[in-house]
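Visitor: when you get a sec, could you give me coordinates for this:
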Amino acid sequence: MDPVDLILTSRREGRNFPDLGGAAPRDLAEGYALQRRLAEALGEAPPAGFKIGATARGMQAYLHLSHPCGGFTPRAGLREHHGEFRFADYRRPGVECEIGFRLRHDLSVGQHGRDALVDAIEHVFPAIEVVDNRYDDFAALGAPALIADQIFHAGGVTGAPASGWPGLDLAAAHGSIAVDGIVRAEGTGAELLGHPLDALAWLAGSGAAEAFGGLRAGQVIFLGSVTPPIWLDQPCEVTVTFDTLGQVTAGFR
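Guide: Okay, the predicted model is just below:
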């Protein structure tokens, strides 16, 4: 069976990421190429946006990766301001405390200066990425296969645009993530490759951008979690709050 069909069938049937055998991607380029084929099968080329995984050193250590990875974000998984999700739809659902961008202008594949990146961003907002641990052993699976499977991505919630952009100090933005009102983790924007704009710069020059022909106006970018992922054991309410960006919520029922 085609690897794209294997991946989609495993998701539809609620099973872990499948053994792709000889069709498994052997390097990062093959991982991104397979991800692009997955997006095409879902009618998501171009996609609604992208997520960056492992931008923080702590996340790299957690995922046993030495570099960030990019994944596309489908329209069907996105919610605005507040997201409602069905807990039973996931293998092992988790949530992440993120800063997000919405692009005003296209960004071609390659290097971009800080001024060009700022000009390309229409909105900045607090965000929740929904992730799903679909793996028996993600460390053993390796980066190419994780990339093919969108780096745990399973959805996301975008908060209201923050006021004050582009004058906000995003590196200093302090975020926290709470489950049923109890704060579980905290971090700052500096966790994202030193600065959220540096995370966007990485994405624009990444294999993900190359596979999809660059980044496009209107796309949403989840820049990576400023905290470790919080894995959910039961239905609950999740709140992400940034001191300078605002708040966003998600319910798992």
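Visitor: show me where the stretch 101-250 of the chain has helices.
Guide: 114-120, 138-141, 143-148, 196-204, 207-211 (DSSP state H, counting those that start in this stretch).
Visitor: quick one: list the elements packing against the third one.
Guide: With contacts taken as 3 or more C-beta pairs under 8 Å, 6 or more residues apart in numbering; DSSP states H and E, helix 143-148 sits against helix 28-41, strand 69-73. Where C-beta positions appear, they are placed from N, C-alpha and C, glycine not excepted.
Visitor: any idea which helix or strand comes after the first one?
Guide: Think helix 28-41. Downstream of helix 28-41, the next assigned helix or strand under DSSP states H and E is strand 49-53.
Visitor: would you mark the buried spots in the helix or strand just after that next one?
Guide: On the C-terminal side of strand 49-53, the nearest following helix or strand under DSSP H and E is helix 57-63. Buried residues in helix 57-63, counted by 16 or more other C-beta atoms under 10 Å: 59, 60, 63.
Visitor: for stretch 153-169, same thing?
Guide: Quick answer for stretch 153-169 (16+ other C-beta under 10 Å): 153, 154, 155, 156, 157, 158, 159, 162, 165, 168.
Visitor: beta partners for the third one?
Guide: Each beta-bridge partner of residue 155 is listed here: residue 130, as defined by DSSP bridges.
Visitor: measure the residue nearest to residue 164 when sequence neighbours are not counted to residue 185 for me?
Guide: Nearest non-adjacent residue to residue 164, counting by C-beta to C-beta, 6 or more residues apart in numbering: residue 244, 7.3 Å away. Between residue 244 and residue 185 the computed distance is 18 Å (C-beta to C-beta, to the nearest Å).
Visitor: ditto for residue 20
Guide: Residue 20 is 33 Å from residue 185, by C-beta to C-beta.
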